[in-house]
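Asks: model the structure of this input:
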Amino acid sequence: MNKRPPSMTRVLCAVVVTCLTPTAAHAQSAPWRPDQTVEISAATAPGGGADRTARFIQRLAQEKKLIAFPFVVVNKPGGGGGIGLRYLNQHAGNGHYLQIYSPNVLAGYIVGQVPMNYTEVTPIAILYSEHMLVAVRVDSPVKNGRDLIERLRQDPKSLSMTVGIGLGNMNHIGAALPLHAGGVDVKAVKAVVFNTIAESVTAVVGGHIDIVAATPSTVLSQVQAGRLRVLGITAPQRVRGLFAQVPTWREQGIDSIASFWHGVIGPAGMTPAQVAYWEDLLATLAASDEWKAQMEQNYLTPQFMKSAQSASFLRAQYQELRSILVELGMAK
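Replies: Below you'll find the predicted structure:
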């Protein structure tokens, strides 16, 4: 009962971005560079993971004087990422518009929440990945991952869980995989959605929700402050530093490994020259000491890829996510 079915053993590799037909980023074409204000959007409210990533890219690019024009961050929350995607594609073919992309939006399409699939935007770059965890208030009667699974197996509605911006997203999957493997009826567990994962964390700290499914970077400050206790993490082995005492799900008898990625996309119809400019700029940022320090500080795993590699991987990632969500009974 405590062993996960072999078909459920998945490693969700980190990737980012989209487009069924990869853009030939280095095809022969005239060089392009921005000649007006550049906008990078996040499909979450301020404080979410996508928002933090957008603002770090903005700040680092400006500090290094890589862009001669203003570089602004815009938030377009709602619809599990669908509002942000529709906004992005209002600027089809315009290389001055970028957006942070994650598997949350891709999964949103699979579960029927997001109306646009990955084939309808342009891939720019993969940035990084991180594993997922579940946490409770430090005074919660739920002491570890096995305890959580047993309580929810007996009564799936006995505890509430928040999963961030949308049902079926990667936070939700990161919790659903070990619960399903432990015999819990995942569809019966009460899952609560907020505008950002930061709001989800606040709701658990405040005692309004029992469990938060999140990533290490999003609960870091609350764990440091002694307000949250992490029950399990979807990593193949224990992570370093503050989370070194957190057991993996495997250590608790549940074979569950998964990861969450972030990257950058542009609107449909971008030219090869536009894509080449942005993937090269992002590669410069990813190679910097400041970027590496940010990865280390926030428990992120660098996994940079340019456009063509990202597009190829995304096709496989879509099929992998769909298979998992079908098996969990979440796909439409």
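Asks: quickly list the domain ranges of the protein.
Replies: Under the assignment automatic domain parsing, the domains of the chain span 13-130+260-327, 131-252.
Asks: lowest-confidence stretch among the ones you listed?
Replies: The weakest mean pLDDT among the domains of the chain belongs to domain 13-130+260-327, with a mean of 88.
Asks: that domain: how far from the chain's middle?
Replies: 11 Å (Cα atoms, centre = their mean, to the nearest Å).
Asks: which residues does R229 bridge with?
Replies: Counting by DSSP bridges, R229 forms beta bridges with V136.
Asks: before we move on, the earlier item: reformat the domains of the chain as TSV; add mean neighbour count.
Replies: C-beta here means a position set from N, CA and C on the backbone, and glycine is covered the same way. Converted to TSV, those look like this (neighbours: other Cβ atoms under 10 Å):
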stretch	mean neighbour count
domain 13-130+260-327	20
domain 131-252	20
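Asks: which strands or helices does whichever helix in the chain runs longest pack on?
Replies: Longest helix of the chain, by residue count under DSSP state H: helix 307-327. Contact here means 3 or more Cβ pairs under 8 Å, 6 or more residues apart in numbering; DSSP states H and E; on that basis helix 307-327 packs against helix 103-110, strand 122-131, helix 170-181.
Asks: so which of these is nearest A54?
Replies: strand 122-131 (10.8 Å; Cβ to Cβ).
Asks: paired strands for that closest one, with orientation please.
Replies: Paired strands of strand 122-131, with direction, are strand 259-266 (antiparallel), strand 301-305 (antiparallel) (DSSP bridges).
Asks: can you redo these as a markdown table, where the extra columns are distance to R59?
Replies: Converted to a markdown table, the strands paired with strand 122-131 look like this (distance: least, Cβ to Cβ, whole Å):
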| stretch | distance to R59 |
| --- | --- |
| strand 259-266 | 15 |
| strand 301-305 | 18 |
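Asks: Y299 contacts V239, doesn't it?
Replies: Yes - Y299 lies in contact with V239 (Cβ atoms under 8 Å); the separation is 6.1 Å.
Asks: list the residues that contact both of these two?
Replies: P216 (Cβ atoms under 8 Å, 6 or more residues apart in numbering).
Asks: can you give me the end-to-end distance of stretch 232-252?
Replies: Stretch 232-252 has an end-to-end distance of 8 Å (criterion: Cα to Cα, to the nearest Å).
Asks: show residues contacting that stretch.
Replies: Residues outside stretch 232-252 that contact it (Cβ under 8 Å, 6+ apart): 11, 131-134, 144-146, 148, 174, 177-178, 181, 216, 220, 223-224, 230-231, 254-259, 299.
Asks: switch the cut-off to 7 Å
Replies: With contacts defined as Cβ atoms under 7 Å, 6 or more residues apart in numbering, stretch 232-252 is touched by 131-134, 144-146, 174, 177-178, 216, 220, 223-224, 230, 256-258, 299.
Asks: quick one: the helices in this protein?
Replies: Counting by DSSP H, the chain has helices at residues 49-63, 82-88, 103-110, 145-154, 170-181, 197-205, 216-224, 272-286, 289-297, 307-327.
Asks: put together a markdown table for these, with distance to D139 on each row.
Replies: What follows is the helices of the chain, written out as a markdown table (distance: least, Cβ to Cβ, whole Å):
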| stretch | distance to D139 |
| --- | --- |
| helix 49-63 | 26 |
| helix 82-88 | 36 |
| helix 103-110 | 30 |
| helix 145-154 | 14 |
| helix 170-181 | 20 |
| helix 197-205 | 11 |
| helix 216-224 | 13 |
| helix 272-286 | 40 |
| helix 289-297 | 28 |
| helix 307-327 | 33 |
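Asks: for P31, find the nearest of the ones you listed.
Replies: Among the helices of the chain, helix 272-286 sits nearest to P31 (Cβ to Cβ), with 6.2 Å.
Asks: related to what we said a few turns ago, out of the helices and strands packed on helix 307-327, which comes closest to K332?
Replies: helix 103-110 (7.2 Å).
Asks: got the CA positions of the closest one in PDB?
Replies: Output of helix 103-110 as PDB, limited to C-alpha atoms (Å, rounded to 0.1, in the frame of the first residue of the first chain):
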ATOM      1  CA  PRO A 103       4.500  24.100 -16.100                       C
ATOM      2  CA  ASN A 104       1.700  25.600 -14.100                       C
ATOM      3  CA  VAL A 105       0.400  27.200 -17.300                       C
ATOM      4  CA  LEU A 106       1.100  24.100 -19.300                       C
ATOM      5  CA  ALA A 107      -0.800  21.900 -16.800                       C
ATOM      6  CA  GLY A 108      -3.600  24.500 -16.800                       C
ATOM      7  CA  TYR A 109      -4.200  23.800 -20.400                       C
ATOM      8  CA  ILE A 110      -4.300  20.000 -19.800                       C
END
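Asks: residues making contact with that helix?
Replies: 43, 80-82, 85, 114, 116-118, 165-166, 168-170, 173, 260-261, 317-318, 321-322, 325, 331.
Asks: ditto for stretch 33-41
Replies: Residues from elsewhere that reach stretch 33-41, judged by Cβ under 7 Å, 6+ apart: 54, 57-58, 67, 69-74, 76, 84, 87-88, 96-99, 277.
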